[in-house]
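> show me the folded form of this:
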Amino acid sequence: MNQPDIGLCVACQHVNIIQNDRGSQFIFCQKSQQDDSFAKYPRLPVIHCNGFVAKPEESNKNEI
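Numbers count the residues shown, from 1 in each chain. Here you go, the predicted structure:
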């Protein structure tokens with residue numbers, strides 16, 4: 001997955017990228033565990049999110 005495919009999630013500290021045995025990747029929003037208004041697996045690309053919190057700069061460099 002590349003950045004335009006998933007939108008804001010790539011830079012959010014609530015994202016957890018899950019990969020199954022066949023290599024498919026899924027974006028899991030950890031914010032959904034605390035607040036039911038957030039989808040566990042949001043429809044992509046996410047272009048606006050009230051729960052978005054940017055990751056520290058260092059962790060954005062080698063993601064996805």
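> and the closest residue to Gln19 other than its chain neighbours, how close does it get to Tyr41?
Residue nearest to Gln19 in three dimensions, not counting chain neighbours: Gln25, with 5.1 Å by C-beta to C-beta, 6 or more residues apart in numbering. C-beta here means a position set from N, CA and C on the backbone, and glycine is covered the same way. Computed with C-beta to C-beta, to the nearest Å, the distance linking Gln25 and Tyr41 is 11 Å.
> any weak-confidence spans in this structure?
1-4, 58-64 (pLDDT under 70).
> how about the helices of it, start to end?
Using DSSP state H, the helices of the chain run over 3-6, 57-60.
> how about the strands in this structure?
Listed in chain order, the strands of the chain (DSSP state E) span 15-19, 25-29.
> ok, the residue lying closest to Asp35 once chain neighbours are set aside - contacts?
Closest residue to Asp35 apart from its sequence neighbours, by C-beta to C-beta, 6+ apart: Gly51 at 7.1 Å. Counting by C-beta atoms under 8 Å, 6 or more residues apart in numbering, Gly51 touches Cys12, His14, Cys29, Lys31, Asp35, Phe38.
> so how far is Pro42 from the residue nearest to Gln19?
When distance is defined by C-beta to C-beta, Gln25 is 13 Å away from Pro42.
> quick one, which of these two is more surrounded?
Using other C-beta atoms under 10 Å as the criterion, Gln25 and Pro42 rank with Pro42 on top: 20 against 12.
> from Asp21, how far out is that one?
Separation of Pro42 from Asp21 (C-beta to C-beta) stands at 23 Å.
> what of Leu44?
To Asp21, Leu44 is 21 Å away according to C-beta to C-beta.
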